[in-house]
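> model this:
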Amino acid sequence: MSKLFNSNKFIIALILAAVLIAWGISHYKSGSTKLLDKEEYTGFKTAIAEHADSEAGGFSDQRDLMDFIENWADEHSIKYREDKYGNIIFNKSAIKRKKNVTPTLIAVSMNFETAADNAQVLAAAAAIATSDIESGRRTVVFFNDEKGLATGYNGINEKYINSKTKVIYLDKGSSTYLSTGSFQQRYTVVSIPAKREKNPCDTAIKISITGIKSGVIGPGIDKQPDPLSAFSSLLTRLKSKSVDCRLADITVGSNGNMYPVSLEATIVLNSYNLSSFTAYIDKRIKAWDKSYGSDYENLVFKYELIEDEEEIPKKVYSADTTDKLTGILYTVRSGAYRYSESDALPEGKKVGDIYGINCLTDIDAEKTSIKIPVIIQGVDDSFTERIENDNKAAAELYECSYSQTGRVDAFFNNKDKLSRTFKSTFEKVNDSSVADSTLIMITDNFFTPCSYLQAKNANADIIHIRTKGSAAPGIANTILCYIKAKGNTSIF
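Numbers count the residues shown, from 1 in each chain. Next up is the predicted model:
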């Protein structure tokens, strides 16, 4: 009986020891995988939201956003430097035992116009920058991307991205995924020869579209309010009704390599055509309000009749120039291009997926020419050239010139070490019971700044992590776990 009792005690002791060991491992793992300081993350995100909701109504310009980030760093006594290209760089040297560990660079775009929408991503980068985890060299860069012009990306010193650097570009979208490839981008211009002449009409209408919120050109282009398309519909209406009309002037609120934000134009016509045309404009205004009114509270689409002889424009563009502009705007349109059943589909793509994007960004009207810049994005040369050839054919049809002014190559990373390790880290640090515990891998269907980063060093291992807002803390925590684990004998 005593032997049995002692045997049971031994078994119980073994069970207790196993439980304690399991608890210890679980406790250690929990402590080693929960590295994000949520207070820092939430504090930064909340501060951006409060700034956006203040009387100022958001960041007034790029300097305002930069000052916000630098003031936060000063308050936290975090060292940083601002380079001459407007980048804000947080660089932490490797601890002694990790001197030889491959460096990591975290990249986020800094754009005052999109800061409020991207608050979670900016907060994630800030929390990573302020973390005191022990690691190899860690660099967090807020890249100056005002107006989508990539000033900071093109100007960053190449020393930050060497052949061993692991680069993680982080941004926000409607879903969370990992990508190792994105579209190329081309810059083109349609030039319409222009002539000015004496105004032959007795009435004028001034069209005004304002209050559009800009954004980075991407797959959501078909949902973006497009003032050029709205104006095109008015010119096309007049053309279809054989109305004698002329364009007097036009000014577009161009926003660099982002969506245009406004348009003002004056059209002259004769008063006997006025009522039917204004009735059509009223319908277009109602349609715009129905499509965009709930999402763009400051959006205004209106017109003003100019009947005072003294205020009616004396000089206008010729009928031929106006017709050419009408034809180009009708044919060369902003929008997404999608694979059809006749296309040779790349791996992982299906009919209906986007293979390219066409975006008109401005109408620059001068005395002797009207220039229309068009940005084209495409998965590769063949699909991009398909869009470009359509634009070129339209230019030739209306006897206009067409030119390509620049291009940026597509991003493609044929290395898999960073992507595999990051995906594995994500799945280890996230609860397996959560539906989003698996990080999907897809190819971007738009252009990303990864192209600029790869241009700095073709040998760098680069990935793009897109995160929906609610997933940003988990992604930030995964990045910290990945960085901390590098150079250790085991990950967790």
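
> Let me see the contact set for residue 358.
Residue 358 makes contact with 332, 333, 334, 335, 337, 374, 375, 376, 387, 391, according to C-beta atoms under 8 Å, 6 or more residues apart in numbering. Every C-beta, even on glycine, is put in place using the N, C-alpha and C of the backbone.

> Mind checking which of the residues you listed are in strands?
Among the contacts of residue 358, the members falling in strands (DSSP state E) are 335, 337, 374, 375, 376.

> what helix or strand does the residue nearest to the fourth one when sequence neighbours are not counted sit in?
Beyond its immediate neighbours in the sequence, the residue positioned closest to residue 375 (C-beta to C-beta, 6 or more residues apart in numbering) is residue 359, lying 4.8 Å away. Using DSSP states H and E, residue 359 maps to strand 354-360.

> Which SSE is immediately downstream of that strand?
strand 364-365.

> just checking, what packs against that following strand?
In terms of contacts (3 or more C-beta pairs under 8 Å, 6 or more residues apart in numbering; DSSP states H and E), strand 364-365 is packed against strand 245-252, strand 369-378.

> want to throw the contacts of residue 358 into JSON lines with distance to residue 194 and neighbour count?
JSON lines is the format used below for these (distance: C-beta to C-beta, whole Å; neighbours: other C-beta atoms under 10 Å):
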{"residue": "332", "distance to residue 194": "17", "neighbour count": "25"}
{"residue": "333", "distance to residue 194": "21", "neighbour count": "18"}
{"residue": "334", "distance to residue 194": "22", "neighbour count": "22"}
{"residue": "335", "distance to residue 194": "26", "neighbour count": "17"}
{"residue": "337", "distance to residue 194": "29", "neighbour count": "19"}
{"residue": "374", "distance to residue 194": "18", "neighbour count": "24"}
{"residue": "375", "distance to residue 194": "22", "neighbour count": "21"}
{"residue": "376", "distance to residue 194": "24", "neighbour count": "27"}
{"residue": "387", "distance to residue 194": "25", "neighbour count": "22"}
{"residue": "391", "distance to residue 194": "19", "neighbour count": "23"}
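
> Per-residue pLDDT of residue 27, please?
Looking at residue 27, its pLDDT is 37.

> The residue most central in space within the chain pairs with what?
Centroid check for the chain by C-alpha atoms, centre = their mean gives residue 216 as the closest residue, at 3.8 Å. Counting by DSSP bridges, residue 216 forms beta bridges with residue 258.

> Distance from the chain centre to stretch 101-109, please.
19 Å (C-alpha atoms, centre = their mean, to the nearest Å).

> Could I get the buried residue list for that stretch?
101, 102, 103, 104, 105, 106, 107, 108, 109 (16 or more other C-beta atoms under 10 Å).

> Just send those residues back as JSON lines, with pLDDT too.
Below are the buried residues of stretch 101-109 laid out as JSON lines (pLDDT from 0 to 100):
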{"residue": "101", "pLDDT": "94"}
{"residue": "102", "pLDDT": "95"}
{"residue": "103", "pLDDT": "95"}
{"residue": "104", "pLDDT": "97"}
{"residue": "105", "pLDDT": "98"}
{"residue": "106", "pLDDT": "98"}
{"residue": "107", "pLDDT": "98"}
{"residue": "108", "pLDDT": "98"}
{"residue": "109", "pLDDT": "98"}
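
> So which of these are in helices?
Assigned to helices by DSSP state H, none of the buried residues of stretch 101-109 qualify.

> Save those as JSON lines, and put in distance to residue 483 too.
Output for these, formatted as JSON lines (distance: C-beta to C-beta, whole Å):
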{"residue": "101", "distance to residue 483": "9"}
{"residue": "102", "distance to residue 483": "10"}
{"residue": "103", "distance to residue 483": "10"}
{"residue": "104", "distance to residue 483": "5"}
{"residue": "105", "distance to residue 483": "11"}
{"residue": "106", "distance to residue 483": "9"}
{"residue": "107", "distance to residue 483": "14"}
{"residue": "108", "distance to residue 483": "15"}
{"residue": "109", "distance to residue 483": "20"}
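
> just those residues now: which is nearest residue 252?
residue 109 (23.7 Å; C-beta to C-beta).
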